[in-house]
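Participant: curious how this folds, go ahead:
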Amino acid sequence: MEKPTLKDFNLTRDDLLEYDKQCERYRQATHEAFEELKNKKKVALIALAIISAITSIIATIANPEYWWICLTAPFCFTCIPMLILFQTLDSGSLSKSKTDELNKIVNYELKSKVESYKAKIYEYDRYLEKCKRDFWIYLNGYEFEKEVANLYRQMGYSAQVTRKSADGGVDIILTKDNKYIAVQCKHHKNKVGPNDVRALQGVVHNGNYTSGIFVSLNGFTPTVSTEVRAGKEEISLISLNELMIMQESL
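Facilitator: Just a heads-up that it's a prediction; the model follows:
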């Protein structure tokens, strides 16, 4: 895989700087818009409280014998909207017109090209990471299976990772060009011996698979190759070195 360049996306470094500036203006304008919305809610909250207090005082003066009703009733009628406003003081959504106005700050065509470039750079960085031994070594068993499956997908296979338990001796099922392939993965510190390979041969035979692939992080014992050559089923042996070669060839 070749490293993506700005030229591939019809971009320059000035374009990246301009996009960063637009994003910063967008963040600042969005922050200011939400602060304005918050302040409007505060004003409405204060206004409700003042109206409620004035109404209570006037009602109490007009009906002194029912002073306790006149004093509390206005607050009861306004407490619900006041409570809603208070709870949503730090939240809420901007109006469509304001949102459209903010979206115009960032050039959509520039955004599309820059985001596509960044996505490809991320993909390239992940590719480089997977070309290192430490990437594969520090995976756990299930992560190892998923990454092996992803590698074969990039090679044009359809890859299905089986369940963690009761997988029938198959961790990944590959299909391509009418081939049905059983994959067994071992992320162990020890080398895989002939017994494990015989088990995979049995799975391939009984499951009517076209062939099998055994992927072992730390390789195989010397007798495994002899076992594979003597068997009736086609089994490919893949160690960490082969995995890295496959990754580098993408």
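Participant: who are the contact partners of Arg163?
Facilitator: Counting by C-beta atoms under 8 Å, 6 or more residues apart in numbering, Arg163 touches no other residue. From N, CA and C alone the C-beta is placed, and that goes for glycine too.
Participant: what does Asp171 give?
Facilitator: Glu145, Val148, Val161, Thr162, Val183, Gln184, Cys185.
Participant: following the helix or strand of the chain with the lowest mean pLDDT, which helix or strand comes up?
Facilitator: The least trusted helix or strand in the chain, going by mean pLDDT, DSSP states H and E, turns out to be helix 67-87, with a mean of 66. Downstream of helix 67-87, the next assigned helix or strand under DSSP states H and E is helix 96-103.
Participant: average pLDDT for whichever helix or strand comes after that following helix?
Facilitator: On the C-terminal side of helix 96-103, the closest following helix or strand by DSSP H and E is helix 108-130. Across helix 108-130, pLDDT averages out at 94.
Participant: report all helices and strands that the longest helix along the chain contacts.
Facilitator: Assignment by DSSP state H gives helix 13-62 as the longest helix of the chain. In terms of contacts (3 or more C-beta pairs under 8 Å, 6 or more residues apart in numbering; DSSP states H and E), helix 13-62 is packed against helix 67-87, helix 96-103, helix 108-130.
Participant: go again with 6 Å.
Facilitator: Helices and strands touching helix 13-62, as assessed by 3 or more C-beta pairs under 6 Å, 6 or more residues apart in numbering; DSSP states H and E, comprise helix 67-87, helix 96-103.
Participant: for it, what is the distance to the chain centroid?
Facilitator: Helix 13-62 has its C-alpha centroid displaced from the chain centroid by 33 Å (C-alpha atoms, centre = their mean, to the nearest Å).
Participant: closest one to Glu233 out of the contacts of Asp171, please.
Facilitator: Gln184 (12.4 Å; C-beta to C-beta).
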